[in-house]
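Trainee: Starting from these lines, generate the structure:
(4 chains)
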Number of protein chains: 2
Amino acid sequence: MSAPQFNTWQSVQDEVLRRIHAREWPPGSAIPHEADLAVEFGCARTTVNRALRAVAEAGLLDRRRKAGTRVALHPVRKATLSITIIRAEIEGLGMAYAYRRILAETVKAPAPVQRRLGIRNDPMLHVRALHLADATPYVLEERWVRIASVPTIMEADLTQQSANEWLVANAPFTHGDIAFSASAASEAEATFLACAPGAALFVIARTTWNGAAPITSVRLTYAPGYRMVTEL
Amino acid sequence: MSAPQFNTWQSVQDEVLRRIHAREWPPGSAIPHEADLAVEFGCARTTVNRALRAVAEAGLLDRRRKAGTRVALHPVRKATLSITIIRAEIEGLGMAYAYRRILAETVKAPAPVQRRLGIRNDPMLHVRALHLADATPYVLEERWVRIASVPTIMEADLTQQSANEWLVANAPFTHGDIAFSASAASEAEATFLACAPGAALFVIARTTWNGAAPITSVRLTYAPGYRMVTEL
DNA sequence: ATCGGCAATATGTCTGCACATATTAACCCT
DNA sequence: AGGGTTAATATGTGCAGACATATTGCCGAT
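Mentor: Coordinates of the predicted model:
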C-alpha cells in the first residue's frame, strides 16, 4: 500500500501535530481542506474535523469558515489550572490536612468587596480561616459570602468544615473570575502564616456568581514558597 | 406538543447545565443514559454525547464507561490561561510596547537551570531583557536557551526582537511546564523594575521541550501590582 | 467465602450523508 | 471604478447506525 492509514481522530491529531512541529505545515500557511485530508488519511471527514477541532482548541490552528484552516502564527498556548478544594490539594501532596477557623461574623462587606460583587450593603458572612499542611500554615482564606444568595450557609458548622469545601459542595456557580498576584505580607497575615511581615506571598482572588446573583468573593493568601504548577 | 425540543448540542448542554445548577440532578447522582436523554430531548445520541462530553471537560460531570455519567461531587473547575507573547499582552492592554535587551551571552547554565532542563554543561544562550508598557517597566525576562536545540537563534537579532517572540515563532515545542509564584525583589530586579528591594513580585517560570530535546527555560518577573486575570 | 472469568452495558468513536452558516470572492449594475 | 448583491465554498453540526472498548457485576469454580 502507499499511504499509511489513520482510522482514529487521535491518530489524525498526532499526524497533524507532527506536521506542524516538523514545519511541513509552516506557521501562517493554509493546510488542506478537511475533505482532502479525509481522502489522504483514508477516513471520514467527521474524523478529520474532530482532530482539527481539538488542535484548534489547543491554539495551534486557526479555523474560519470559508477561509479555511491555517497554522497559528503566534500559537496561544493555554495552561489549564484545576481549581480544587484546598483539602484535596493538600492531601494530594501526601500531607496531613488540618483546618482552623479564626473568625466568623455577619457584617456589611467593606467597599472593595461590595464593588467586586456589584452589591450594596447586603449582609454578608465574613469567614477567616487557616488551612494547614502537616501542621504548618499553608494558606489563609479570607472569605465573604452574600447570605441572601446562599441562606443555608448560616446553618453550616464552619468550625469543622471549611467554607471553601462547603460552598463547592453546596453553592454551585455558573461563572466567575480569578486573579493571581503577589502581595507583601501584612502584620496579620505574617502572624497567621508564620512568616515575616513584608514577605512575598502568592495570592489568589476569586469571585463567583450563580447567574446574576453574586455568591462569594475569596482571597487565598499562600505561605511563602508556594508554587502553583501546571503542564503546558 | 409535550416536551420542548433540543436540536443543537449547545442547547442540550444548556439544559444539562440548568439541571445541574438547579439541583434537579444533585451532586453525586447518576444522570440518565445518553440513549434515554436522546429520546427525551428528541435528538440523536451523537448530539447528547457531544454536549455531555463538553460538560465533562468543564469538570461538572464524571463519565465512565459502563458506570455511566454522574454529577461531580467536587467540581474541579478549570481556569485556562492564555500564554501569549508579551508584546501582544501589552498591546492588548492598549499600551505602547517597548523592549530593551540588557544582556546576551553564551555560557554554561547555572546548576538549577541545568537541573530543570535535564542537561549537563551544554552551551546556552543567556538573555536578560526588559519589556516596557508605556515606557514603564512591565516584566523582566531572564532566559536560558539550549543552543544545540535551536542553533538558528544565534543568528537572530535579539536587540530588536525579544527572545520570547523569536522563540514562539521559530522554536515550536511539544510540551512544557509552567509555575507561578511570588518572590521578593532582589537588588538587581528592583533596579530594572524600578521598585523597592524586597517588593513582592509575581513570577512565572516556564520550561519547554520539543519532544525529548529541552528548548528553553525562562523566568518572567513582573513589576509590582501585576495581576494575572482569567474567567472561570 | 473468595477469586477469576465472562457477559452485559454505557460510553467512545467511526462512517456516510445531509443541511446550516459564515465568509469570501465574483459579479453586475450604476 | 466603486459599491452592493449573490453565488461559491470551507467549516460546523445533525442524524442513524454500527462497532469498539472499558468496566462492572454476576456467576460459577475452588
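
Trainee: going forward, measure contacts between C-alpha atoms and count neighbours the same way
Mentor: Fine.

Trainee: burial measure for residue A:221, as a count.
Mentor: Using other CA atoms under 10 Å in any protein chain shown, residue A:221 is surrounded by 24 other residues.

Trainee: Equivalent analysis for residue A:137, please.
Mentor: In terms of burial, residue A:137 registers 20 neighbours under the definition other CA under 10 Å.

Trainee: just residue A:76 next, same as before
Mentor: Applying other CA under 10 Å, I find that residue A:76 has 18 neighbouring residues.

Trainee: pretty sure it is touching residue A:62, no?
Mentor: No - here residue A:76 does not reach residue A:62: they are 10.5 Å apart, not a contact under CA atoms under 8 Å.

Trainee: Between those two, which contacts overlap?
Mentor: Common neighbours of residue A:76 and residue A:62 (criterion: CA atoms under 8 Å, 6 or more residues apart in numbering or on different chains): none identified.

Trainee: neighbouring strands for the worst-scoring helix or strand of chain A on mean pLDDT, and are they parallel or not?
Mentor: The helix or strand with the lowest mean pLDDT-type score in chain A, counting by mean pLDDT, DSSP states H and E, is strand A:77-83 (a mean of 87). Partner strands and pairing direction for strand A:77-83 (DSSP bridges) are strand B:77-83 (antiparallel).

Trainee: Show me the contact partners of the strand it pairs with.
Mentor: Judged by CA under 8 Å, 6+ apart, the contacts made with strand B:77-83 from elsewhere in the structure are A:76-84, A:178, B:58-60, B:230-232.

Trainee: and after that strand, which helix or strand comes next?
Mentor: Sequence order places helix B:86-92 as the next helix or strand after strand B:77-83, per DSSP states H and E.

Trainee: For that following helix, give the mean pLDDT please.
Mentor: What helix B:86-92 shows for mean pLDDT is 93.

Trainee: ok, back up a step: to the chain's geometric centre, what's the distance from the least confident helix or strand of chain A?
Mentor: Using CA atoms, centre = their mean, to the nearest Å, we find the averaged C-alpha position of strand A:77-83 to lie 6 Å away from the chain's own average C-alpha position.

Trainee: can you give me the strands in chain A?
Mentor: Along chain A, the stretches classed as strands by DSSP state E are A:61-64, A:68-71, A:77-83, A:97-108, A:123-133, A:136-146, A:175-184, A:200-210, A:213-222, A:227-231.

Trainee: can you tell which of those strands is closest to residue B:223?
Mentor: Put simply, out of those the one that sits nearest residue B:223 is strand A:175-184, at 10.0 Å, with distance taken as CA to CA.

Trainee: what about the closest one, average pLDDT?
Mentor: Averaging pLDDT along strand A:175-184 yields 96.

Trainee: same question, stretch A:137-148
Mentor: Rounded to a whole number, the mean pLDDT of stretch A:137-148 is 97.

Trainee: Then stretch A:119-133?
Mentor: Per-residue pLDDT values over stretch A:119-133 give a mean of 95.

Trainee: repeat for stretch A:102-111
Mentor: Stretch A:102-111 comes out with an average pLDDT of 94.

Trainee: give me the residue from chain A nearest DNA strand C.
Mentor: When distances are taken as CA to the nearest atom of the strand, chain A approaches DNA strand C most closely through residue A:8, which lies 2.6 Å from it.

Trainee: neighbours around the closest residue to that residue other than its chain neighbours, how many?
Mentor: Counting by CA to CA, 6 or more residues apart in numbering or on different chains, residue A:47 is the residue found nearest to residue A:8 once chain neighbours are left out, at 6.9 Å. Residue A:47 is surrounded by 22 other residues when neighbours are defined as other CA under 10 Å.

Trainee: do residue A:165 as well
Mentor: A count of neighbours around residue A:165, defined by other CA under 10 Å, yields 17.

Trainee: Wait, it touches residue A:89, no?
Mentor: No - judged on CA under 8 Å, residue A:165 makes no contact with residue A:89 at a distance of 11.6 Å.

Trainee: State the distance from residue A:29 to residue A:11.
Mentor: Summarising the geometry, the distance separating residue A:29 from residue A:11, computed by CA to CA, to the nearest Å, is 22 Å.

Trainee: These two: who's more crowded?
Mentor: Here residue A:29 and residue A:11 are set side by side on neighbour count (other CA under 10 Å), and the busier one is residue A:11, at 16 against 13.

Trainee: For the more buried one, give me the pLDDT.
Mentor: Per-residue confidence (pLDDT) for residue A:11: 96.

Trainee: Tell me how far it lies from DNA strand D.
Mentor: Plainly put, residue A:11 is 13 Å away from DNA strand D if you go by CA to the nearest atom of the strand, to the nearest Å.

Trainee: Count the neighbours of the residue of chain A closest to DNA strand C for me.
Mentor: When neighbours are defined as other CA under 10 Å, residue A:8 has 15 of them.

Trainee: Backbone dihedrals for it, please?
Mentor: Its backbone dihedrals place residue A:8 at phi -120, psi 150, with angles given as degrees, to the nearest 10.

Trainee: about what we covered before: most surrounded residue in the contacts of strand B:77-83?
Mentor: Using other CA under 10 Å as the neighbour test, the contacts of strand B:77-83 are led by residue B:60, with 22 neighbours.

Trainee: Run through the residues that contact it.
Mentor: Taking CA under 8 Å, 6+ apart as the criterion, residue B:60 is in contact with B:71, B:72, B:75, B:76, B:77.
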